[in-house]
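Asker: only geometry, no sequence info:
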DNA sequence: CGTGAATGATGACAAAAGTCTACAATTTCA
DNA sequence: TGAAATTGTAGACTTTTGTCATCATTCACG
């Protein structure tokens, strides 16, 4: 299973990395069931997760305690609450598994050590950050300008796997649409 | 005016920087009127701007050619279209001044050179990226879960200067609210 | 400093999205 | 596998948001 992570890194940095095995040894393999809580808001985010298999939900609660999903992250991607992870401050977001998962987790101390001793690891971090940021920007721009129906169409175009693989409830909370409305709109496509 | 930039960097990295003047020499001072176009979508974003004075708007167009504002950036902050700037690909966003501005611009080549030769500059870049990302995450989480009225309240709380300093039209497009609706809701606060 | 253009406010109406209830379908896990 | 829980669909209704037209106000700029 660690091969997925190995290939992920090689794909980004090439396979001329002396230290790749050293880097990989810093990751802890975690197998989870579905609906496991990886991070609770208020706690410090201790890990950056690489998802070898499965799917994670990053979410917050609105004032009526409804979940609103900031991000849905599938295999071959990274997931964390970088604000909290980087600063050690309490997290403002929650993370849970929405499917059984195979994860590789690296803690803050190892992460820092890798950043300092393996220059390429620093590059990977920048790539994660840049990709996360690009994703957010894209999401804001579509979100602010599109109607509920157009957001659904956008999701089918941009992340079709999400539409077929996950529950309507989750998708609706990702799109910022009430689940009843989502059900109605989906029917009229 | 370059003092603003100098102080900004010192505040983040301390003033024990041998190379600070060398770094600053890479920035071009630009004075603008209001409503000047700094970046047009489709073009490559050539600069990262530091705003010493004034205010920039980062925006896109929806399908009816209405502006939707992804970000409003005021003095003592950085602004760019990092996706395009980093990759050289066409920008998906537009940037314009909404006030007369004093800017310091650094082009891609100088930026790369500084990243490689001045380790602290790399740190500044990471800080810009992290701050931009944090800002986006915050924006998504409030945006998805709040009603139009609550978004206005949020803005008054979180970025009060925006409310008093800029036009309703601009604020409405930042909040993703129709300007007529914005006017009505503001009246009932 | 005056004027033309841009911005802001408001009312009437239309459309979109949210809420609630009930029930059917599906899924989970013991 | 089968019962309990969760999820999905649908209709009736409410609330929120958007649109359009009009007029007042403010602001930018020569």
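Answerer: Thanks, I have it. Just so it is clear, the structure is predicted and the values come from calculations on it, not from any experiment.
Asker: in the strand or helix carrying residue A:112, what's buried?
Answerer: Assessed by DSSP states H and E, residue A:112 sits inside helix A:108-117. Within helix A:108-117, the residues that count as buried by 16 or more other Cβ atoms under 10 Å in any protein chain shown are A:108, A:110-111, A:114. C-beta: built from backbone N, CA, C; applies to glycine.
Asker: could I get the residues you listed in a markdown table, plus columns for pLDDT and distance to residue B:131?
Answerer: What follows is those, written out as a markdown table (pLDDT from 0 to 100; distance: Cβ to Cβ, whole Å):
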| residue | pLDDT | distance to residue B:131 |
| --- | --- | --- |
| A:108 | 96 | 19 |
| A:110 | 96 | 25 |
| A:111 | 95 | 19 |
| A:114 | 92 | 23 |
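Asker: between the residues you listed, which is nearest residue B:164?
Answerer: residue A:108 (40.0 Å; Cβ to Cβ).
Asker: isn't the closest one up against residue A:85?
Answerer: Yes. In this structure, residue A:108 is within contact of residue A:85 by Cβ atoms under 8 Å, at 6.3 Å.
Asker: tell me, what's touching those two both at once?
Answerer: Residues touching both residue A:108 and residue A:85 (Cβ atoms under 8 Å, 6 or more residues apart in numbering or on different chains): A:46-47.
Asker: returning to what we had before: JSON lines for the buried residues of helix A:108-117, including distance to residue A:188?
Answerer: Converted to JSON lines, those look like this (distance: Cβ to Cβ, whole Å):
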{"residue": "A:108", "distance to residue A:188": "48"}
{"residue": "A:110", "distance to residue A:188": "50"}
{"residue": "A:111", "distance to residue A:188": "47"}
{"residue": "A:114", "distance to residue A:188": "50"}
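Asker: what are the ranges of the strands in chain A?
Answerer: For chain A, the strands defined by DSSP state E occupy A:28-32, A:37-39, A:47-53, A:55-61, A:67-74, A:77-79, A:94-97, A:101-107.
Asker: contact partners of the first one?
Answerer: It refers to strand A:28-32. With contacts defined as Cβ under 8 Å, 6+ apart, strand A:28-32 is touched by A:1-2, A:38, A:49, A:54, A:97, A:100-107.
Asker: just flag the most distant two among those residues.
Answerer: Spatially, the most separated pair among those is A:100 and A:107, at 22.5 Å (Cβ to Cβ).
Asker: ok, so of the buried residues of helix A:108-117, who is nearest DNA strand C?
Answerer: Among the buried residues of helix A:108-117, residue A:108 lies closest to DNA strand C (Cβ to the nearest atom of the strand), at 30.6 Å.
Asker: report the separation between the nearest residue to residue A:144 once chain neighbours are set aside and residue B:69.
Answerer: Spatial nearest neighbour of residue A:144, excluding adjacent residues (Cβ to Cβ, 6 or more residues apart in numbering or on different chains): residue B:176 at 4.0 Å. Distance of residue B:176 to residue B:69, given as Cβ to Cβ, to the nearest Å: 9 Å.
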